[in-house]
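K.L.:
The following comprises the amino acid sequence and a computationally predicted model.
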Amino acid sequence: MNKGWQGNFFEDFDLGQQIACPTPRTVTSGDVSAYIALTGDRTARFCGPSGLLHPLVTFHVVFGQTVRHISFNARANLGYAGIRWQTPGRLGDTLSIDIEVVGLKENSNGKTGVVWVHNIARNQDGEVVLSFFRWVMVRKRGAEPTRWATESVVPEMPAQVAASDLVVSAESMPTQAQSGGRFAFEDYAAGERVLHYDGMGVNDSDHMSFTKLFQNSARVHFDRILTDGSPLVYGGVPISLGYALALNGFENRLGIAAINAGSHTNPLRGGDTVFAFTDVIECVDLPGTPAGALRLRMVCTKNLNVADESDPSAFEIQTPDPNRPGRSRYHSAVILDLDYWELMPKRASLR
Amino acid sequence: MNKGWQGNFFEDFDLGQQIACPTPRTVTSGDVSAYIALTGDRTARFCGPSGLLHPLVTFHVVFGQTVRHISFNARANLGYAGIRWQTPGRLGDTLSIDIEVVGLKENSNGKTGVVWVHNIARNQDGEVVLSFFRWVMVRKRGAEPTRWATESVVPEMPAQVAASDLVVSAESMPTQAQSGGRFAFEDYAAGERVLHYDGMGVNDSDHMSFTKLFQNSARVHFDRILTDGSPLVYGGVPISLGYALALNGFENRLGIAAINAGSHTNPLRGGDTVFAFTDVIECVDLPGTPAGALRLRMVCTKNLNVADESDPSAFEIQTPDPNRPGRSRYHSAVILDLDYWELMPKRASLR
Amino acid sequence: MNKGWQGNFFEDFDLGQQIACPTPRTVTSGDVSAYIALTGDRTARFCGPSGLLHPLVTFHVVFGQTVRHISFNARANLGYAGIRWQTPGRLGDTLSIDIEVVGLKENSNGKTGVVWVHNIARNQDGEVVLSFFRWVMVRKRGAEPTRWATESVVPEMPAQVAASDLVVSAESMPTQAQSGGRFAFEDYAAGERVLHYDGMGVNDSDHMSFTKLFQNSARVHFDRILTDGSPLVYGGVPISLGYALALNGFENRLGIAAINAGSHTNPLRGGDTVFAFTDVIECVDLPGTPAGALRLRMVCTKNLNVADESDPSAFEIQTPDPNRPGRSRYHSAVILDLDYWELMPKRASLR
C-alpha cells in the first residue's frame, strides 16, 4: 500500500462520523499581514491594535483544514450554509476544526455521492469561533453501490442564519475618523445597490499564495498539469477580494457575522480582474447592541465593472429565463453570489 | 445617491482644510517580513532585533492612507518635497496621517486643478514620525470654474531638506560585521557614481501585493480592464526596490532620513527588471552625532543595467537638449530620479 | 574604485580564511507566515504555538547570508554535504553564519577555481543551530595562476551524516489528531516508495519572493535581462516545495534533521509545476529518544507527476547508461535528488 494520502472517498464516510482535522494553526500577525498583502483589505477594526482577527482570516484558516478529509476527492463543492462566527478570533489563537457527517446520498450514476458535514471550529480554549454546514459531491472508490444509494439521508440546510443568532461584540468599535465612513446602520435601506467601483487583479502567484497561506491543499488550485495550464482560483479568494472591495460604501462595518449561502457561478483564473457590488436585502436592528444587521447580497464579477455600465442598477445578475437551469442562469461575468450578514454601527454608537 | 466612495474632486478641497485619513495601521513584524519578501532589502539596522521600522515601511504605510482622499481622482502625481522622517517608527506602532490643504490652483483647461497638501504622520502617542508635501493634479467634478481659477494659491515647496534638520538616532548602529560594509561617511565624495550591479524583476503579482500590503487603493495599480491589461506599478515600488539594490555600496547606511524630490519619469510595469545607480551629490558632517549625511541621487532604470555599459560614468540621465520639455528629457530607460539624504556612520563610530 | 560590491573572486580566498556573513536576521512569525504562504507547508509541529522554527526556515535564512561572499560569482554550485541541524531555531532568534575556507583548487582552464567552505550558523546566544559544507566553482579575477593550481587542497566531504549525530528534541511532539498521520517510524521500510500525488505550481513572483524573503541576493534569480527573460529558480525553492508536498505520507514527521547530499539536476523556472516522491533508503532506531531516523531520497520532478505513470515504482530517476556522465544521466523531468534524514516518532510516542 502506498502511504501517500489520496483523500476520503464516498465509501469512507458514515452517518454521525466525527473527524478531527489536521493541522491546528496558531494565527499570528504574520498571517494578518499576508492577508492584507493578498487582499488589500482595510476594514478599520482589523488594522489597528485590537488583536481581533478578521472574520475571513478565521474562516480561511479552518476551512483549509477541512480539505484533506472532505474535499480532496470532490467533484464539486455544492454549497455551504449557516456559517456563523461566534467567539471572536484573536491574534495568537490556535484554531482547529471538527467535522461531523450529517447526511449521505449516493448519486444515481453510481460514481459519486453527496456528503453533508457540520463543521465546528474552536480555539485553544475550546470556545467555538465558527460553525457551518457544507455539502460536497465526492467520488466513489468503487462501483459497488453503498447503502446510501437507497437509504439516503438528506438533512435540511438552514436557509439563513437568523439575525437574532448573530454575535455582536462592542469591542474596538472604529471611529469615523478611523474608518473614513459616513454611513451608519440607519442610512442603509433594503433594495439599494451599492457600487464599489474598484477592481482587483488576480494573478496565479497571488491566488496560489493565498491558498497556500491557508494550507488548503486542493490540487486543482496549484497544478498546471492537472488543469491544462490554468489552475482554478480557490473560491475563498473572490469572497475575500469582493469583501475587501466592498469596504467602499460600508466603511464603518464591524465585520461579516454570518454567511447564509453562496454560489460560485463561474470559474475565476489568474489574469482576471474582480469587481463587486452589493445589494442590500434587509436591515434588522439588534436591540441592546451598538449595531444593526445588514443582510447583503455581494455579487462579484470578472473583467466587467458593473459600475461602468450605463445603468448599473439595471444589471441583471441572473437571466429571468426559467428554462435555463441553476448556475447557467447567471450572467457569464458573475463569479460569486454571496448572501451574508454584516454588522453596522448604529448612528448613536458612531463617534 | 450611491454610497460607494468615488474620491474627492477638485471642488471638494478648500484652503486650510484638514483631513484625518483612514485607516490607522498597527505595523507588525508580519509587515516587515512581507516588505523583505517583496524587496529583498537587507539593511542591517532593520533586520535584527532592534524593533526599528525601516523608514520606507513607515513611509508606505502612511502614504497609502492618503490615497483615498487625495489621489483617488488624480490625473497625475506631480511631485513631493520635504519628506522628513522624525521620531523613528517601531514595531507595534499604530500610524496614521493628517492632511492639510496648503495650495489650490485651477488649471486653464477648466477640467483639472492642482492641490498642494502638507501631510503629518503620527504614532499612537501623537509623535510625528514623518511629514511631507505633495501636489497632485485632480479632476474637477463639473465645468463651473472655481475661485481657484483666478485666485490661485501656489505655495513654495522646499527645494530640499536642510542637513541640519535631519534626525539622527544612535540606536542600534550596525557593526561592520553585521552590515558587511567597508565604507564610512568619510569614504564618500561628491561627484562619485556608485554602481549597484544587481537587477530586480517586477511581476504583476508582487507589485500588486506590495501596493495592497500598504493599503494603497489607487485602482490604476490593480485593474487590468481600466489599464488595457497592464496595470501601472505604484511609484513606491521602484523607490523601495532601488533602495534595496542601493545597499550594494552603502552597506553601513543607517536609513533614509529625508527625500528632497523625486520624479517618476517613465512607467514601470510587471515583467520589467529594475536596476539602480547612485550619484553622490553632497557630503555633510553632522557634528555631535555618529553620522554624516550623504545627499544622493538614486537613478532607477528598467531593462537596462547601466553597470553593463562600456562607460557607466558617461551614462546621461537626461539629454542636454534644452528644447525638450521636462520629463521627456530623461533617457527612456530611466524610471525614477530620487534626491534623498542618507545617514552614514562616521569612521569613528563604526565597530 | 567603484564602491559597489561585485563579490569575491577565486583569488580572494585563502585556506583557513574566516568570514562573518552579513546580515544577521531576527526570525519572526511574519517570516513563518510568508514561508507557509510560499510553500503551503503543513508540518504540524511548526504550525502550532510551539515557537519552534521549521528547520528549512532556519536553513534558508542562513544560506541566503552566504551568497554575498561565496556564490555571488559562482559559475556553479557544485554541492553541499553534512547539513546538520543542532540547537532548534525559535521565533525571535537572531541567526547569523560564519564561513571557513577548507579547500581550494584552481581549475585547469585557469578561469575558475573550486572553493570548499565549512559554514556554522549560530543564534544570538552563540549556540550552533546548523552547520554544513558547500563547494562552489568561482570565477577568477585574472589570468595569473594561483598557488592552488599546483598545490590544491581538496578536503574529503562527509558521504552522509551519521544517524547517531542527529539531534532529536522531544519538545512539542505532534499528536496524530494534529498531524492527521497514520504511520509511525516502525511502519516504514527500506525500499518502499511513497508517492505524494500533489503538484505545486511555481510562478516568477513567488519564487522571487521566496528568494527575497531569505535575502539571497544571487542575481540569476531576479534579473530577466541577465537570464534572457527567464530567471532561474533558487535551488532552495524545490527543496521546500518538495518537502511541503512530502508531508503526504510522512504526516507525523518531526522535521528534517540532516541533509546528506543533494543534486539540482535540471533547471526550474516560473510556470513549471513541481511534483515529488520519496524512496525510503534506511530506517535507524534512535534508542533513548521518542523517534527513529528515516534516510529518505526525495525526488522532485517538473511537469511530470510520477504518481500518474502506469507503474510509478518503475520510474527510473537516472538512466542506467554508464556512458552518460553525471547529471546528464537524470531523467529530464527530475530537478532535485535529495538525500536526507527525517525524524519520525516511534509508535510508543504517538498519542
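P.N.:
Structure received.
K.L.:
Next, the nearest residue to residue A:268 once chain neighbours are set aside: phi, psi?
P.N.:
Counting by C-beta to C-beta, 6 or more residues apart in numbering or on different chains, residue A:268 lies nearest to residue A:233, which is 4.1 Å off, once chain neighbours are set aside. In this view, the C-beta of every residue, glycine as well, is placed from N, C-alpha and C. Per-residue torsions, residue A:233: phi -80, psi 130 (degrees, to the nearest 10).
K.L.:
contacting residues around the closest residue to chain C within the stretch 251-351 of chain A?
P.N.:
Nearest residue of the stretch 251-351 of chain A to chain C, counting by C-beta to the nearest C-beta: residue A:270, 8.4 Å away. The contact partners of residue A:270, taken as C-beta atoms under 8 Å, 6 or more residues apart in numbering or on different chains, are A:202, A:203, A:204, A:205, A:207, A:230, A:231, A:233.
K.L.:
can those go into JSON lines with extra columns for secondary structure, neighbour count and pLDDT?
P.N.:
Converted to JSON lines, the contacts of residue A:270 look like this (DSSP: H, G, I helix; E, B strand; the rest coil; neighbours: other C-beta atoms under 10 Å in any protein chain shown; pLDDT from 0 to 100):
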{"residue": "A:202", "secondary structure": "coil", "neighbour count": "25", "pLDDT": "98"}
{"residue": "A:203", "secondary structure": "coil", "neighbour count": "24", "pLDDT": "98"}
{"residue": "A:204", "secondary structure": "helix", "neighbour count": "27", "pLDDT": "98"}
{"residue": "A:205", "secondary structure": "helix", "neighbour count": "26", "pLDDT": "98"}
{"residue": "A:207", "secondary structure": "helix", "neighbour count": "27", "pLDDT": "98"}
{"residue": "A:230", "secondary structure": "coil", "neighbour count": "12", "pLDDT": "93"}
{"residue": "A:231", "secondary structure": "coil", "neighbour count": "24", "pLDDT": "96"}
{"residue": "A:233", "secondary structure": "coil", "neighbour count": "27", "pLDDT": "97"}
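K.L.:
hmm, which two among these are most spread apart?
P.N.:
Greatest spatial distance among the contacts of residue A:270 (C-beta to C-beta): A:205 and A:230, at 13.8 Å.
K.L.:
For the stretch 101-250 of chain A, which segments count as strands?
P.N.:
According to DSSP state E, counting those that start in this stretch, the stretch 101-250 of chain A carries its strands in the segments A:112-122, A:128-139, A:193-195, A:200-201.
K.L.:
roughly how far out does the longest one sit from the chain middle?
P.N.:
Read that as strand A:128-139. 11 Å (C-alpha atoms, centre = their mean, to the nearest Å).
K.L.:
Paired strands for that strand, with orientation please.
P.N.:
Strand A:128-139 pairs in its sheet with strand A:74-85 (antiparallel), strand A:112-122 (antiparallel), by DSSP bridges.
K.L.:
how about these, which one is nearest residue B:291?
P.N.:
strand A:74-85 (50.2 Å).
K.L.:
Tell me the buried residues in that closest one?
P.N.:
A:74, A:77, A:79, A:80, A:81, A:82, A:83, A:84, A:85 (16 or more other C-beta atoms under 10 Å in any protein chain shown).
K.L.:
Equivalent analysis for stretch A:300-318, please.
P.N.:
A:300, A:301, A:302, A:303, A:304, A:305, A:306, A:307, A:312, A:315, A:317, A:318.
K.L.:
on that earlier part again, figure out which of the strands paired with strand A:128-139 is closest to residue B:33.
P.N.:
Within the strands paired with strand A:128-139, the stretch nearest residue B:33 is strand A:112-122; the backing value is 25.8 Å (C-beta to C-beta).
K.L.:
quick check, distance from that closest one to the centre of its chain.
P.N.:
15 Å.
K.L.:
just the helices in the stretch 1-150 of chain A please.
P.N.:
Listed in chain order, the helices found in the stretch 1-150 of chain A under DSSP state H, counting those that start in this stretch are A:29-39, A:55-66.
K.L.:
which secondary structure elements does the shortest one contact?
P.N.:
What that stands for is helix A:29-39. In terms of contacts (3 or more C-beta pairs under 8 Å, 6 or more residues apart in numbering or on different chains; DSSP states H and E), helix A:29-39 is packed against helix A:55-66, helix A:204-213, helix A:236-245, helix B:29-39, helix B:204-213, helix C:29-39.
K.L.:
what sits up against the fourth one?
P.N.:
In this case it means helix B:29-39. For helix B:29-39, contacts defined as C-beta under 8 Å, 6+ apart pick out A:28-34, A:37, B:41, B:46-47, B:53-54, B:56-57, B:61, B:91, B:200, B:206, B:209-210, B:213, B:240-241, B:243-244, C:28-31, C:33-34, C:38, C:209-210, C:212-213, C:215.
K.L.:
Give me the neighbour count for residue A:325.
P.N.:
8 (other C-beta atoms under 10 Å in any protein chain shown).
K.L.:
List the contacts of it.
P.N.:
Residue A:325 neighbours (C-beta under 8 Å, 6+ apart): none.
K.L.:
Quick check: phi and psi at it.
P.N.:
According to degrees, to the nearest 10, residue A:325 has phi -80, psi 150.
K.L.:
what do you get for residue A:17?
P.N.:
Dihedral angles for residue A:17 - degrees, to the nearest 10 - are phi -60, psi 140.
K.L.:
so it makes contact with residue A:100?
P.N.:
Yes - using C-beta atoms under 8 Å, residue A:17 is in contact with residue A:100, at 7.1 Å.
K.L.:
Other residues contacting the helix or strand of chain A with the lowest mean pLDDT?
P.N.:
Taking mean pLDDT, DSSP states H and E as the measure, chain A has strand A:74-85 as its least confident helix or strand, at a mean of 92. For strand A:74-85, contacts defined as C-beta under 8 Å, 6+ apart pick out A:55, A:58-59, A:71, A:112, A:114, A:129-139, A:157-159, A:161, A:165-167, A:218, A:235, A:255-264.
K.L.:
Can I get the buried part of these as one ChimeraX selection?
P.N.:
To isolate the buried ones among the contacts of strand A:74-85 in ChimeraX, judged by 16+ other C-beta under 10 Å, type:
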select /A:55,58,59,71,112,114,129,130,131,132,133,134,135,136,137,138,139,157,158,161,166,218,235,255,256,257,258,259,260,261,262,263,264
